[in-house]
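A.B. asks: When you get a sec, could you give me coordinates for this:
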Amino acid sequence: MNTDRLSTGLKERAARGAVYALLLAFCGMGFGCMRMYDEPLKIAYSCNIGPVYQIFVMDENGESVSMLTNGAASNLNPSWSADTGRIVFVSNRDGNYEIYSMDADGKDQRRLTAVSAPDYTPTWSPDGRRIAFVSDRDGNQEIYIMNADGTGPVNITNDPDNDSGPSWSPDGRRIAFVSDRDGNQEIYIMNADGTGPVNITNHSENDSAPSWSPDGRFIAFETRRDGNSEIYVMRADGGMPTNITNTPLPSDESRPSWSPDGERIVFSGQTVPGQRNIYSIRPDGTDRRALTGVIEDEDYPCFQGKPR
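C.D. replies: Numbering: from 1, shown residues only. As a prediction, the model looks like this:
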């Protein structure tokens, strides 16, 4: 890792943060902003630090970066709780990938799962009481739901093919997920108890990484139907899929996550082979912004649970 490059980049972010704060002051004086919060929303993400990944948090503008995890193990796949009080994530610090939770400042880290098979991609239910996640503990990838403290895990897919990538609907009644049960990766929606799965993409190319919009009307997802990985937005019933990134090869976009107000989608993008950074974009594909670029590989972005 190039520490001089990292130090210079963080100083540049701090300078941009001062400018951003000044702009916020002008907005507060009535000079016109589309939206305002007492403070910017937060984005959690994983970043490659040497041989491992660590979890960082930054403001939605890419400023105020802080590292929440450290050590010799990888920590990745962060997901904010509904009240933004805790972050659930995956770590291999105990030998294989298990699910942990921690406070939003990185304190009070707790292990939630403890099985010999890997567990990954956890995501909080909208009410913060349950966590959906993926596990290989039954021999293939299945989606489980457990209580927020790690108790009571239940396999809700029970299918011989691989199921992954759970995303809760805003009302907590349904879960969007990825399955290859029809021959390739498609996006399905099922009830939160695992009943009634329906394929909503039905495309010959792989579709994955669904993320439900906060109003429940749309789903952002990752697809390779244009030759490289792009971010699309479709209606929650699968209708009207639209490419919102439209970047040519060798670009590669993945892992979308909606802001809690529905105004932006954050995602991981690769414009140079081997280097991924975090970007945000409006759901209509306009106003693409690079949020990172200092460190070599940044991935798994996730907005905090709701506006303050």
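A.B. asks: Asn70 is in contact with Gln54, isn't it?
C.D. replies: Yes: between Asn70 and Gln54 a contact is recorded at 6.1 Å, counting by C-beta atoms under 8 Å. (Glycine included, C-beta is placed from N, CA and C.)
A.B. asks: of these two, who's got more company?
C.D. replies: Gln54 (21 against 12; other C-beta atoms under 10 Å).
A.B. asks: what bridges to that one?
C.D. replies: Cys47 (DSSP bridges).
A.B. asks: For it, give me its contacts.
C.D. replies: 46-47, 67-70, 74-75 (C-beta atoms under 8 Å, 6 or more residues apart in numbering).
A.B. asks: Helices of the chain, residue ranges please.
C.D. replies: 3-28 (DSSP state H).
A.B. asks: What's the local residue count around the closest residue to Gly165 other than its chain neighbours?
C.D. replies: Nearest residue to Gly165, sequence neighbours excluded (C-beta to C-beta, 6 or more residues apart in numbering): Val178, at 4.0 Å. For Val178, the neighbour count with other C-beta under 10 Å is 26.
A.B. asks: Surely Val178 touches Asp159?
C.D. replies: No: Val178 sits out of contact with Asp159 when judged by C-beta under 8 Å, with a separation of 11.8 Å.
A.B. asks: ranges for the strands of the stretch 101-250 of the chain?
C.D. replies: Shown for the stretch 101-250 of the chain, the strands assigned by DSSP state E, counting those that start in this stretch span residues 110-111, 119-124, 130-135, 142-147, 154-155, 163-168, 174-179, 186-191, 198-199, 207-212, 218-223, 230-235, 242-243.
A.B. asks: what does the second one contact?
C.D. replies: Residues from elsewhere that reach strand 119-124, judged by C-beta under 8 Å, 6+ apart: 77, 79-82, 88-90, 97-99, 113, 130-137, 144, 148, 164-168, 305.
A.B. asks: Just the buried residues out of those, in PyMOL syntax.
C.D. replies: If you want just the buried ones from the contacts of strand 119-124 in PyMOL, going by 16 or more other C-beta atoms under 10 Å, the selection is:
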select buried, resi 77+79+80+81+82+88+89+90+97+98+99+113+130+131+132+133+134+135+136+144+148+164+165+166+167+168+305
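A.B. asks: does Val134 really touch Gly165, like I thought?
C.D. replies: Yes: taking contacts as C-beta under 8 Å, Val134 lies within contact range of Gly165: 7.4 Å.
A.B. asks: For Glu186, see how far away the closest residue to Tyr144 other than its chain neighbours is.
C.D. replies: Distance criterion C-beta to C-beta, 6+ apart; nearest residue to Tyr144, sequence neighbours excluded, is Pro153 at 4.9 Å. Taking C-beta to C-beta, to the nearest Å as the measure, Pro153 falls 25 Å from Glu186.
A.B. asks: Residue ranges in this structure under the pLDDT threshold?
C.D. replies: Where the chain drops to pLDDT under 70, the residues are 1-38, 294-296, 306-308.
A.B. asks: Any idea how many residues pack against Asp182?
C.D. replies: Counted with other C-beta under 10 Å, Asp182 comes out at 12.
A.B. asks: check contacts around the residue nearest to it when sequence neighbours are not counted.
C.D. replies: Counting by C-beta to C-beta, 6+ apart, Asn199 is the residue found nearest to Asp182 once chain neighbours are left out, at 6.1 Å. Listed by C-beta under 8 Å, 6+ apart, the contact partners of Asn199 are 179, 182, 186-188.
A.B. asks: let's see 7 Å
C.D. replies: Neighbouring residues of Asn199 by C-beta atoms under 7 Å, 6 or more residues apart in numbering: 182, 186, 188.
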